[in-house]
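Chemist: next input, structure requested:
(2 chains)
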Number of protein chains: 2
Amino acid sequence: MHYSSALQELIDQLGRLPGIGPKSAQRVAFFLLKAPADEVKRLATAITEAKANVSYCPRCFNFSEHGAECVVCQDPKRDTKFVCVVEDAQDVMAIERTHEFTGRYHVLQGAFSPVDGVGVDQLRLKELMTRVSEESVSEVIVATNPNLEGEATAALLVKYLKPLDVVVTRIASGLPVGGDLEYADELTLSRALAGRQAVAED
Amino acid sequence: MHYSSALQELIDQLGRLPGIGPKSAQRVAFFLLKAPADEVKRLATAITEAKANVSYCPRCFNFSEHGAECVVCQDPKRDTKFVCVVEDAQDVMAIERTHEFTGRYHVLQGAFSPVDGVGVDQLRLKELMTRVSEESVSEVIVATNPNLEGEATAALLVKYLKPLDVVVTRIASGLPVGGDLEYADELTLSRALAGRQAVAED
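Modeler: Numbering: from 1, shown residues only, chains lettered A, B, ... in the order given. As a prediction, this is how the structure comes out:
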């Protein structure tokens, strides 16, 4: 026996989403069938609307709406001297949650990985260089992931930004707060050692 | 910073689904924004269509389409003498996956639990009794969950079906296949003992 076709189609479509297996898809489908019609309509509308209206910020390539600049670029309080370069729009949100950074962002939309077909031309690198030249940026903070592709991207950025008159910094790698020295991997621990800083007296 | 409103609305709506936390909602939302437009449209359409077309089978209260009988009730090969009573439509699917049962179902749409406001009138009990009388059913197999509410429901069914000329059976409780005696809880183990059956010689 199969489900009725409309129900099966719903389960199939839900099952294509990341992190949702066949069991979860079934559970969500049954939940939707039992939920009030207006709530379900809100979900369907949210999907359609987001897909139709959300595009990329023409300045930093973060997500934005109706082709306008994103909320960060539109914010007049943001310090345009600092540009934080990240791989994906999700990373913007992660940094925003710290409330530590008041500059703007630049989303590369990927990490340098020629094996996966992501070369220099697939990244928003040219656009970054134009911004650095035209927006009187004084510091570019490279916040790509501390993994192979992220480090390669960071190295690439350093190479490309060197000719321009701008300071390039990299976010620190080391032990996570609350972490345990005993269980840290060698690479993280050696990074933490290499990146040691003078302790200021109170 | 918040996301743009369309994106935030999408994340909020996805976060209301069962088993999808804030992180998963964000992940699914970003996935949808990057997915091809026609795939996303298929998902939105599947939700709307399922909600609009899927209703309950007028005979057994399983899910069906356009108010017609469900696929099981419509199947002429099904043995109408046997009715398997389950709590929810999900349970129909679970039993169907065993390919062991060839009769029809009856979905109670809940389990007897007066504390949660589910009394006799909230269950499709009257409809079951009408079916037993009119469809010449010879055996009702009670396949409610082996928990407090499910057992209470089973007891209720036995009481209500007693006056009718029908055999009422209950699915077996015991150790799950592949389970370990050592780790079984006392209740399951005592059920397994109580439900012991004679071993037939080959």
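
Chemist: show me where pLDDT drops low in chain A?
Modeler: Counting by pLDDT under 70, the low-confidence segments of chain A come to A:1-3, A:201-202.

Chemist: and if we set it to 80?
Modeler: Confidence mapping of chain A against pLDDT under 80 gives the ranges A:1-4, A:179, A:181-182, A:196-202.

Chemist: please, where are all the helices along it?
Modeler: Counting by DSSP state H, chain A has helices at residues A:5-15, A:22-34, A:37-53, A:71-74, A:89-96, A:125-134, A:148-161, A:186-194.

Chemist: of all those, which lies closest to A:Gly117?
Modeler: Of all the helices of chain A, helix A:148-161 sits nearest to A:Gly117, with 12.3 Å by CB to CB. All C-beta atoms are positioned from the backbone trio N, CA, C, and that covers glycine.

Chemist: the inter-axis angle of the lengthiest strand in chain A versus helix A:148-161?
Modeler: Identified as the longest strand of chain A according to DSSP state E is strand A:79-86. Taking axes from the mean of the first three to the mean of the last three CA atoms, to 10 degrees, one finds strand A:79-86 and helix A:148-161 inclined to each other by 140 degrees.

Chemist: helices and strands around strand A:79-86, which ones?
Modeler: helix A:89-96, strand A:103-107, helix A:125-134, strand A:139-142 (3 or more CB pairs under 8 Å, 6 or more residues apart in numbering or on different chains; DSSP states H and E).

Chemist: partner strands of it, parallel or antiparallel?
Modeler: When pairs are called by DSSP bridges, strand A:79-86 turns out to pair with strand A:103-107 (parallel), strand A:139-142 (parallel).

Chemist: what lies in contact with it?
Modeler: The contact list for strand A:79-86 (CB atoms under 8 Å, 6 or more residues apart in numbering or on different chains) reads A:92, A:95, A:101-108, A:128, A:131-132, A:135-144, A:157.

Chemist: ditto for stretch A:51-68
Modeler: In contact with stretch A:51-68 (CB under 8 Å, 6+ apart) are residues A:69-74, A:89, A:92, A:104-109, A:124, A:127, A:131, B:3-7, B:32-33, B:37, B:40-41, B:44.

Chemist: what's the first-to-last distance across it?
Modeler: With CA to CA, to the nearest Å as the measure, stretch A:51-68 spans 15 Å from end to end.

Chemist: now do stretch A:94-107
Modeler: Note: stretch A:94-107 ends 13 Å apart using CA to CA.

Chemist: just to revisit the earlier point, the helices of chain A: which one's closest to B:Gln13?
Modeler: Of all the helices of chain A, helix A:37-53 comes closest under CB to CB, at 4.2 Å.

Chemist: just want the angle from the closest one to helix B:37-53.
Modeler: Using the same axes, to 10 degrees: helix A:37-53 against helix B:37-53 is 170 degrees.

Chemist: can you mark which positions in helix A:37-53 are buried?
Modeler: A:Val40, A:Arg42, A:Leu43, A:Ala44, A:Thr45, A:Ala46, A:Ile47, A:Thr48, A:Glu49, A:Ala50, A:Lys51 (16 or more other CB atoms under 10 Å in any protein chain shown).

Chemist: could I get those residues as CSV with distance to B:Leu189?
Modeler: Putting those into CSV (distance: CB to CB, whole Å) gives the following:
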residue, distance to B:Leu189
A:Val40, 43
A:Arg42, 48
A:Leu43, 44
A:Ala44, 48
A:Thr45, 51
A:Ala46, 49
A:Ile47, 48
A:Thr48, 53
A:Glu49, 54
A:Ala50, 52
A:Lys51, 53
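
Chemist: ok, of those, which one's closest to B:Val167?
Modeler: Proximity of those to B:Val167 (CB to CB) peaks at A:Val40, which lies at 40.9 Å.

Chemist: for the closest one, what are its contacts?
Modeler: Per CB under 8 Å, 6+ apart, neighbours of A:Val40: A:Leu32, B:Ile47, B:Thr48, B:Lys51.

Chemist: try it again with 6 Å
Modeler: The neighbours of A:Val40, taking CB atoms under 6 Å, 6 or more residues apart in numbering or on different chains as the test, are A:Leu32, B:Lys51.

Chemist: that one and A:Leu32, how far apart?
Modeler: Look at A:Val40 and A:Leu32: by CB to CB, to the nearest Å, they are 5 Å apart.

Chemist: picking up where we left off before, deepest of the helices and strands packed on strand A:79-86, which one?
Modeler: Among the helices and strands packed on strand A:79-86, the stretch with the highest mean neighbour count (mean count of other CB atoms under 10 Å in any protein chain shown) is strand A:103-107, at a mean of 24.

Chemist: just want the angle from it to helix A:125-134.
Modeler: Strand A:103-107 and helix A:125-134 are oriented at 150 degrees to each other (the same axes, to 10 degrees).

Chemist: enumerate the residues of chain A near chain B.
Modeler: Within chain A, the positions lying close to chain B (CB under 6 Å from any CB of the partner chain) are A:1, A:4, A:6-7, A:9-10, A:13, A:17-19, A:24, A:27-28, A:30-31, A:33, A:40, A:42-44, A:46-51, A:53-54, A:63, A:65, A:71, A:90, A:96.
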